[in-house]
Every structure is written in C-alpha cells, then in structure tokens.
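A.B. asks: Quick one: sequence and predicted model below, then my questions.
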Amino acid sequence: MAYLDNAATTPMYPEAVAAMAGLLADPGNPSSLHASGRKARRVVEESREKVARALGARPAEIVFTAGGTEANNIAIKGIAWDQRGNDAKRNRILVSSVEHHAVVDPVEWLQQSDGFTVTWIEVDAQGIVTPQALRDAIGANPDDVALVSVMMANNEVGSVNNIASLTAVTREFGIRFHTDAVQAPSWLAVNFAELGVCAMTVSAHKVGGPHGVGALVISRDCSVTPLIHGGGQERDVRSGTLDTPAIVGFATGLELAVAQRDETVTRVKTLRDDLVSRVMALVPDAIFNGAIENRLVNNAHFSFPGCLGDSLLMLLDAKGVECSVGSACNAGVAQPSHVLIAMGADPELARCTLRFSLGHSSTKNDVDELLAALPEAIERAKRAGVPKPALEVGVR
Amino acid sequence: MKVLAALSGGVDSAVAAARAVDAGHDVTAVHLALSRNPQSHRTGARGCCTIEDSNDAFRAADMLGAPFYVWDLSAEFQEKVIDDFISEYAAGRTPNPCLRCNESIKFEALLDRAMALGFDAVCTGHYAQVFQGPHGTELHRAIDHDKDQSYVLGVLTSEQISHSMFPLGNSTKTEVRTEAEARGILVAQKPDSHDICFIPDGDTAGWLARQIETSPGDVIDAVTGNKVGTHKGAQSFTVGQRRGLALGNPTGDGERRYVVDVDVSQNIVMIGPPTLLEIDIIEAIKPRWGGPLPVNGQAVHVQIRAHGDALPATVHVDDELVTITLAESLRGVAAGQAAVLYDGTRVIGSATISRSRRSAAV
C-alpha cells in the first residue's frame, strides 16, 4: 500500500500514540482543584509550552480547540465581530481566493448572514498572494477592513505565501491579520512572533498528532469575541473541558515534527522531486500545477488531460495507492477546484487533477507503487473520458 | 467478474450487491449523485437523492466490504432526464423519466464509464431477469409481478443487457426485505421509492407549472367543436385525463368527458366522450431492441404504462417506425409514453409512442 494523502492527514508518531494512551484512563479534569485535576492541568500546561515553543509563540497565546476548522471559525468570526464592535465601519473582510473551505465558508456566512462585505484577494498563476495584490484589495479605504485572512501554505497545490511580507502591508494600516497555517509546521519554520500576524491556525493531525484537536495562536493584544460560551477554560475565548490526552498527543507530534523537520524536508523533497520527474516522463501531457520554488516539499499536484480525477483516484485506490483529487468534497462528490480556477486554470483541467502528498513516513516504495499503477489507470481513465462539469464553476 | 454495483441507499440495490458478492464477484459500489443541490435528509417516501441516502449507500457498501465511491452524474441527469421531461411535457407529450434515466444514465453514462474503467458488468436492484436463451442474452420479467421493472428496462440494447446484472429478478419484494433483515442491512425497512425522484413533494403538475411557461387557452368539445371552457395551459393535460378539467356540470347527458387530444401549438385541449379515446393502432418511434427484431406480423404483447397490463397485439417494424395493432381497442394512450413489446416474459424492445389512432375496425 502507498499512502500519498498526507495533506489530508498524516500518520501519528508512535511517541504521540504512546503519550496519549498513557493518559486515556486518568480521571482528572484540568479545571478541577484536587490532585488529579492539578495533574491533568500540569500535563496541559506543559503541552501548551511545547506547542508555543514549536511555533515561536508564548504559552499564553495558545488557545486549544477541537481542530483547525474551529480555530479558523474563532479567528474569522471572533476577530471580525470584535473589530466591528469597536468601530462600526470596519465591515469588510479580505480573504485570499484559494483558502480552504474552513476559511471560505465562515467568511461567506458572515457575508450572507451578518452584513459583512468580502473582497477576494487575487492570487498569481502559482496560487500566491503578492503584497501588491493585498494592497489592491485594501484599495482606497483601509479603514473599513475588519480582518485579512491569507493561508500560509495551500492545501491543494502547496503554494507558500510570504506572510511577513503581507503583514508588513496590513501593519501600515493597523489591520488585523489571520493566517491558516494548518499545512505548514511539518515543512516550514513557523515563528508566530516574526510573522506579525494577530492569529494563526494549527491542527494536530497534520503534524503527526491525533484528530480532533488544534490550536488558535492569538497575540495578546488581539481581542476576540468568543463563539462557544461556557466555562471559559481557554482565556475566555473558548469554552469546553480540555481533552488532555489529545492535547498531549498534539504537543508530542508537533514537537517531533519540528525537531525532525530539517531531516524530513531533505528526505521528502528528494522523494517528491523523483515522483514528479517520473510522472512527467510517464505522462508527458500532464501539467504540474502550482509553484516550483515557493512550495511545500511534500506536495505534487497534477492535471492529467482527458482523465477525470475521480476515475484515477478509484483506479489507483484499487491498486492500493491512496491519493486525493485535491479539491473539497460535498457528500463524496469532488467539487471543481476553486483554487485552480483562481490560479487561471482551464475549468475542465480543474476536474482532471490528482494530489500526491508525502509525509514523514513516506518511502521510495510508495513512489514506486504509484508509478507501477499509474500507466493502466491513465489509460483506462482516458477511455472513460471527462463528462461535462456538473456545477457552474464559481469564478470570483 | 469485476462488477460495479449501483447503490441508491435503498433496500433493493443493497441486497442485489450483496448477492453479487455472494456469487463470488469482485464488487465495487458506487452511488450516483443525480441532484445538483441534494437535500440533507429524506422527506416523505422517496428513497433517493439525499445526502442521507448517500450515507445509507456507504454503510451498505461497508457491510459488503466493497469499496465505495460517489459518481457525480448530475449534469447528465439534468440534461437527459429533467430537461427532457420538461421539454416533452412542453411539447404536449407524457414522458417516463425513470425509463429515460435507465436509458441515459444507468445503462449508458454509468455502464459506459464502468466498462472503460475495466468492469465487466453493472449490478442494480431492478426487478427483472437476465439469462441465456434462444435469442442470446435475454431480458425477462421478474417473477414478482407487482415489482416487475422490465418495462423501464425495455430501452436496453442487447449489448447493454449482456453487461447487466439484476440479482433480484427471481425473488419477491417480501423475500428481499426478509433477506435484508437477515443480512443486517440497516435500511431493510426503508420505504420503497415512488413517483419521480426529482419532484420531492410529488406534485408533478405544480412542479411543471414552475418550469414551463403556460397561458390560458380554450377547452373545445371534440364532438360539437364548441368552446366549453378555459384551461390554464395545455401542457398540463394528458390524453385520457378526466380530473382537473373544471368544467362544472356542462353536459345534459351526464356522460363523463375526457381529454381526447392536446394541441400545444394552438394551446387547445380537446375533450370528448370516452368512445373518442378508443384506439387500436399505436405508432411508435426511436425503437431500441433487446435482441433480434420481431418478424412483421408477429403476435406479441405490448405494455404502455409502467404498471399497465400486457395487451395482445401484432407488430410491424419499418426501420424507425413501429406500428402496433392491438387485438382489442384501448382508451387514452398518451404520446411520449413507451410501448414495450414482450414475447411471453421476454422483452423484445421498446419504442416511444408518437401517435395513436383508430382503424376502420373500431
């Protein structure tokens, strides 16, 4: 079997599994005042310190959540509401046109249900937001902007934005900036303090930790209107009993991913480059999508003209090769990629995509298995053809 | 064989796929996403087209140990079934969307794609039988007469039939439900789907009224030629229909009157006594043959509605025109419906009714 879908989720480090497993039977609620509670609390706080250290943040800036989607919702709704609450004319959200649905959907909800206006920031052909594109989106009226949200690394094509160059622009105008960094920490040096953002989203299961836990890193001077009200456990920003074992698994995975990052990046980049050159040699009309330089080293994203991504995925799956069409699914139906469309791709080619994403556990054998299965898959998928698109592709 | 099982999320397709697995086939399951904006949950008795149905299909595949995928055929469904349904009604005909779906979606788009991707056959939960007979691979009625769906499969060509598996054709619905329970299939008691899947509230006339621009026109008495009322739009009427004419109590003789003709181009609905509905010759076009063509003059049975009776007739085929002469006259045959020809239980073929008339004998 070849698992080439690490951008969706990556295997947990055995150390993270062991750290979690050791705590699953412990009774302590970290909010309790007795010895068991204090023990759990200590584990949570040690984990918070590890997470902060791995991300160049202060422990007090880490708000644990139930994952990246929740963290993005808190950041986008919480900051937008806070900003508009302080100044009613701050009613506009600027967001890149290639964000994950966990950012796009809260923004569109605010637009449709809560009176905000949205400006979609254009990306270049590689899926990258330039400082000039951000400046153009801010336009003549920076005072009405409540929030800018631009992802650090794109989940589909792996393009990496230079966030510090973008916060240099928003700082001129005193505009809040959030970045979704869910895909980043295993592959890029992430230093919250140096990025100059107000808030940053991370997720455990993308870095070798468990599902169902993540964090929003929020600078101390960034106030946020809470979404979930209750015990106020996390800085009054997020309520709910903390999941101590999951948080330990998260901290353990993240710490390992960061400690091994240089070695993993070198090794995985070699595998990825080998994968890309062999796929291009095998399928000469394939199109390699996204950036060459500013790109996650684990990401390879192709369009295979004449081959529906869905068909290829099924044929490769039958051979034990697991990958993704790259774009979001709605009830199992892959949607045409808004990312590729925003990058200027032909809408038909945006349905002929496959994403191969490597991870810390990937080996040359995974790449070999893919290359062994690919020729027959391409040939059959081409025979099955590409039906016309089901949905009007949303070009913003 | 490598078999692609289409799972709707209902009982029948789940048991059909389970039987294919039991027969030793290498089964992969797909659910067809046919709606562009699926509702999240079922309402009423319709067993398809919601996300809940897709999830039910996923769970059925899990139980069979079959890989499961969702194939998006909503564009084809919109064009070949929904748009066709609307344009047929707009032209004053009465189409059968289930038959069109089998023809264009399940046994064309799905089967073609399955074959290209390396499958040998498509398996569905239709109640019909396929077996080898003197005419090659033959399509026959199911043994459960009430559930028999050979009528809506009449459009299959012999090539399509030879790549189709209908494992439920030799069982009754009751047996299938019992088997689903025994297999632990969670949807064993899910209600059967009825009516038209893309009209979730079942109000076909209301739905059509929103799709087709209609204007009021005259209701004409076919016997006298006099105007006897007005209607809201000729497209909403079907030959043989009696309800919805809203003529009050217009006749002195007290005889019930029916729609005997619909002329969409002039927006006229003709009404008349039931005797005017009597026809004995049906002309049908666009034939599709599930085996060898019938010999001219051959005695056959013809079925013109999904749950109608099989009527004795003789058939004459002239290239694309099929002329069916009924042994006994019949009332109310609407253009657009399919006429499916049977030789005993075997499906000979299907054609779309273009017009019907009376021979001098009637």
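C.D. replies: On my side now, so go ahead.

A.B. asks: alpha carbons only for contacts and neighbour counts from here, please
C.D. replies: Will do.

A.B. asks: give me the element A:V265 is part of.
C.D. replies: helix A:261-282 (DSSP states H and E).

A.B. asks: what's the distance between the residue in the stretch 51-200 of chain A that chain B sits nearest to and A:V95?
C.D. replies: The nearest approach of the stretch 51-200 of chain A to chain B comes at A:D105, 16.8 Å away (Cα to the nearest Cα). Distance, A:D105 to A:V95, using Cα to Cα, to the nearest Å: 11 Å.

A.B. asks: quick one: contacts for B:A23?
C.D. replies: Counting by Cα atoms under 8 Å, 6 or more residues apart in numbering or on different chains, B:A23 makes contact with nothing.

A.B. asks: And the pLDDT for it?
C.D. replies: If you check B:A23, the pLDDT there is 97.

A.B. asks: how deep is the closest residue to B:Q211 other than its chain neighbours tucked in, by neighbour count?
C.D. replies: Closest residue to B:Q211 apart from its sequence neighbours, by Cα to Cα, 6 or more residues apart in numbering or on different chains: B:I86 at 7.1 Å. The tally of other residues near B:I86 (other Cα atoms under 10 Å in any protein chain shown) stands at 21.

A.B. asks: what's the helix or strand for B:I86?
C.D. replies: helix B:83-90.

A.B. asks: Would you mark the buried spots in that helix?
C.D. replies: Neighbour counts over helix B:83-90 (16 or more other Cα atoms under 10 Å in any protein chain shown) mark B:84-90 as buried.

A.B. asks: and the two most separated of the residues you listed?
C.D. replies: B:D84 and B:A90 (9.6 Å; Cα to Cα).

A.B. asks: Which residues of the stretch 1-150 of chain B lie near chain A?
C.D. replies: Residues of the stretch 1-150 of chain B found near chain A (Cα under 8 Å from any Cα of the partner chain) are B:33, B:36, B:51, B:54, B:69-76, B:112-118.

A.B. asks: ok, 6 Å please
C.D. replies: Contact residues, the stretch 1-150 of chain B versus chain A (Cα under 6 Å from any Cα of the partner chain): B:70, B:74-75, B:113, B:116-117.

A.B. asks: got any ranges where chain A has weak pLDDT?
C.D. replies: A:330-331, A:388-396 (pLDDT under 70).

A.B. asks: Let me see the contact set for the residue nearest to the spatial centre of it.
C.D. replies: Residue closest to the mean C-alpha point of chain A, counted by Cα atoms, centre = their mean, is A:V182 at 3.4 Å. A:V182 makes contact with A:202-203, according to Cα atoms under 6 Å, 6 or more residues apart in numbering or on different chains.

A.B. asks: ok, it to A:A300 distance?
C.D. replies: 18 Å.

A.B. asks: roughly how far out does stretch A:8-25 sit from the chain middle?
C.D. replies: 20 Å (Cα atoms, centre = their mean, to the nearest Å).

A.B. asks: Find the nearest non-adjacent residue to B:S329, please.
C.D. replies: According to Cα to Cα, 6+ apart, the nearest residue to B:S329 is B:D280 (4.5 Å).

A.B. asks: For that neighbour, grab the count of nearby residues.
C.D. replies: Neighbours of B:D280 (other Cα under 10 Å): 22.

A.B. asks: Can you check what pLDDT the model gives it?
C.D. replies: For B:D280, pLDDT reads 93.

A.B. asks: who does the one helix or strand it maps to touch, helix- and strand-wise?
C.D. replies: B:D280 belongs to strand B:278-289 when assigned by DSSP H and E. When contacts are defined as 3 or more Cα pairs under 6 Å, 6 or more residues apart in numbering or on different chains; DSSP states H and E, strand B:278-289 sits against strand B:321-331, strand B:346-357.

A.B. asks: Tell me which helix or strand comes right after that strand.
C.D. replies: Past strand B:278-289, the next helix or strand by DSSP H and E is strand B:298-303.
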